[in-house]
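**Student:** Need a 3D model of the sequence below.
(chains A and B)
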Amino acid sequence: MGLKRKILELHKKREEVLKGGGDKAIEKQTAMGKMTARERIISLCDPDSFHEYDLFVEHEARDFDMDKKILHGDGVIIGTGTIYGAPVCIFAQDFTVAGGSLGMMHARKITKIMDHALKMKVPLIGINDSGGARIQEGVNSLAGYGEIFFRNTLSSGVIPQISVILGPCAGGAVYSPALTDFVFVVDKISKMFITGPEVIRTVLGEEISMEDLGGARVHSEITGNAHFFAKSEAECFEQIKKLITFIPMNNIRKALKFEPKEPKPEYRISEIVPGDPRQPYDVRDVIKAIADDSDFFEIQELWASNIVIGFGRMNGDTIGFVANQPLVLAGVLDVDSSDKAARFIRYCDAFNIPIITLVDLPGYLPGVDQEHAGVIRHGAKVLYAYSEATVAKMTVIIRKAYGGGYIAMSSRHLRADFVFAWPTAEIAVMGPEGAANIIFRKDIMEAKDPDKMRKQKVKEYKEKFANPYVAAARGYVDSVIEPEETRNLLLHAIEVSGSKSVFLPQKKHGIPPF
Amino acid sequence: MNKIDCDKKKIRCRSLVIDGTKYRTTLNKKFEKRQPWSKPEKNKVKSFIPGTILKLYVKEGQCVKKGDNLLILEAMKMQNLIKSPLEGIIKSINMKEGEKVPKGKLMIEIGFA
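**Tutor:** Residues are numbered from 1 along each chain as shown, chains lettered A, B, ... in the order given. All right, here's what the predicted structure looks like:
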């Protein structure tokens, strides 16, 4: 056989495998409103940048007549490519081949690309679209999942790990995305659950649809499992590409530097925040008044919206923003918002992204449900994450910083590097009303007109303590600043902390209140 | 971007009281759906897990001592023997053998003798 014939033979073999599960299966996939695995990779990567490996891998299952079945690529595509020039490792489950079910060789392909990503220190993107374990392969299938989870854990904090849910992702399979940094879901396409509606119906007699049990909305609004919600696959890929521009490719390199740009003039920082601490505003407008080009890329927008997290840039460099949101639940910390903030702080710290914290909260949410849901343990995560973080930490106290909430939100005491406060800041053990009621209880009770006395005492307390100057007098606040000065001071603070180095006590690892 | 005017932006602003101060803000679904807490009543035997009633050992009007067998609730392939938490008379039984019960269902109420 000549060289030409051998090359032709290769072309033929490739062509055969590239069909995946064949025309019928592809038709079915398209009818569900879904792209095929290869189309997805092409949409995500720079043109012609994707290179596939393990195209000719075949499964080894022999039981249940599996030896007679050919499963092209064993239902998964792996390879490397680039997004805006940045290298990435990708795997995409191919639902047209045996429902994207995970067998031993399928898992080996995934772990191969995961090992590659960790070794080369490039981001890993996993596109999930699978019916779950390949039952015919029994315990080998479970072993495959375990090997994936193990690698997710080892890679955590070393390389960014991104999960994209573009189909069903059920049973044990959901734990891989849960171990990764960012989970992307698409309305009506993504489904995630441990036990499906069928099992719930037969065991418990409860009727629920897949969508209501674990659809994209559920995970974006209720569970917090998903970080980004999109209406279509195309929108989802744009979100992933945008995220890639913000994050460093590993825990050693810095994120790409962009051309610095001033915030847009329509975000006038001194006009956003009402002076009355009881009135709401959208803290995202403040972030946009601070960040380069007013570009703020919000994470988990729909879940625990009483805290806002996301990426922006300052002087062209990526910054993590954490901000209380007075517009939702008065910006309180509660179980969910604590979890949301703490994990993001740890992400930023792991990848050396400086953190800017904007503070305006009345404290923790009161209620039996919160106490019984473990708000102590969850709230402690915020304290832990900020204390442990050694990246540059800049704090701006906009208005209220009361009690435990003040301490938790990147206070000086948790080693914030710079603490600025606006003149509207109220840094106190609690709000004036609550404090006056306790301190002056006797005076109020014994007064002829208790209501009048209470009002007078609240006023006295407000004048004396509801300001930034008591904290500034102790050096807990470095500088009381005008809102207009915020961006420039933050830019300066980031510049000054460019070479920050802090060493924590030597240990194997801490024990955060998981 | 100017100050938020709840009425103009059609944002449903509500009041939330924290430490005696009333804040204007919006509420989320989870907060609005929260259940008021009530003291658990020992004489009301509720299902702690959804499952199937495999066996019923008692009848209405029967006297029971603390620790007497009431029923077997099968859930997740495990047979859970439910015993009487106190001494009394079976006031009402709200399910039959073979019936599926959701979590938190009042299965048996025990009256005081």
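
**Student:** For residue A:14, what is the enclosing helix or strand?
**Tutor:** Using DSSP states H and E, residue A:14 maps to helix A:3-18.

**Student:** where's whichever helix or strand comes after that helix relative to the chain centroid, distance-wise?
**Tutor:** Once helix A:3-18 ends, the next helix or strand along the chain (criterion: DSSP H and E) is helix A:23-31. Relative to the mean C-alpha coordinate of its chain, helix A:23-31 is positioned 33 Å out (Cα atoms, centre = their mean, to the nearest Å).

**Student:** Please could you give me each C-alpha atom of helix A:23-31, formatted as CSV?
**Tutor:** Extracted in CSV, the C-alpha atoms of helix A:23-31 (Å, rounded to 0.1, in the frame of the first residue of the first chain):
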residue,chain,number,x,y,z
ASP,A,23,-27.8,10.8,11.2
LYS,A,24,-30.8,9.5,13.0
ALA,A,25,-29.4,10.2,16.5
ILE,A,26,-28.1,13.6,15.3
GLU,A,27,-31.6,14.4,14.0
LYS,A,28,-33.0,13.6,17.4
GLN,A,29,-30.4,15.8,19.1
THR,A,30,-31.3,18.7,16.9
ALA,A,31,-35.0,18.1,17.4
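
**Student:** List the buried residues in that helix.
**Tutor:** A:25-26, A:29 (16 or more other Cβ atoms under 10 Å in any protein chain shown). Yep, even glycine has a C-beta here, placed from its N, CA and C like the rest.

**Student:** repeat for stretch A:386-400
**Tutor:** A:386-389, A:391-400.

**Student:** beta partners of the closest residue to residue A:283 other than its chain neighbours?
**Tutor:** Nearest-residue entry for residue A:283: residue A:323, 4.5 Å, with adjacent residues in sequence omitted and distances by Cβ to Cβ, 6 or more residues apart in numbering or on different chains. Beta-bridge partners recorded for residue A:323 (DSSP bridges): residue A:308, residue A:358.

**Student:** Closest to chain B out of the buried residues of helix A:23-31?
**Tutor:** Nearest to chain B out of the buried residues of helix A:23-31 is residue A:29 (Cβ to the nearest Cβ; 33.5 Å).

**Student:** Now render the buried residues of helix A:23-31 as a markdown table, adding distance to residue B:43 and pLDDT.
**Tutor:** A markdown table is the format used below for the buried residues of helix A:23-31 (distance: Cβ to Cβ, whole Å; pLDDT from 0 to 100):
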| residue | distance to residue B:43 | pLDDT |
| --- | --- | --- |
| A:25 | 59 | 92 |
| A:26 | 62 | 94 |
| A:29 | 56 | 94 |
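
**Student:** helix or strand for the closest residue to residue A:317 other than its chain neighbours, which one?
**Tutor:** Leaving out its chain neighbours, the residue that sits closest to residue A:317 by Cβ to Cβ, 6+ apart is residue A:257, at 6.0 Å. For residue A:257, there is no host helix or strand (DSSP H and E).

**Student:** Now do residue A:257 against residue A:314, distance only.
**Tutor:** Separation of residue A:257 from residue A:314 (Cβ to Cβ, to the nearest Å) stands at 11 Å.

**Student:** for residue A:295, same thing?
**Tutor:** 11 Å.

**Student:** can you check residue A:373 too?
**Tutor:** From residue A:373 over to residue A:314 the distance is 36 Å, taken as Cβ to Cβ.

**Student:** Looking at these two, which is more packed in?
**Tutor:** Neighbours were counted for residue A:373 and for residue A:314 using other Cβ atoms under 10 Å in any protein chain shown; residue A:314 has more, 21 against 15.

**Student:** The more buried one against residue A:490, yeah?
**Tutor:** Yes - between residue A:314 and residue A:490 there is a contact under Cβ atoms under 8 Å: 6.3 Å.

**Student:** Overlap of the contact sets of those two?
**Tutor:** A:290, A:356 (Cβ atoms under 8 Å, 6 or more residues apart in numbering or on different chains).

**Student:** Tell me the first helix or strand C-terminal of the longest strand seen in chain A.
**Tutor:** Longest among the strand segments of chain A by residue count, using DSSP state E, is strand A:393-402. Moving toward the C-terminus from strand A:393-402, the next helix or strand (DSSP H and E) is helix A:403-408.
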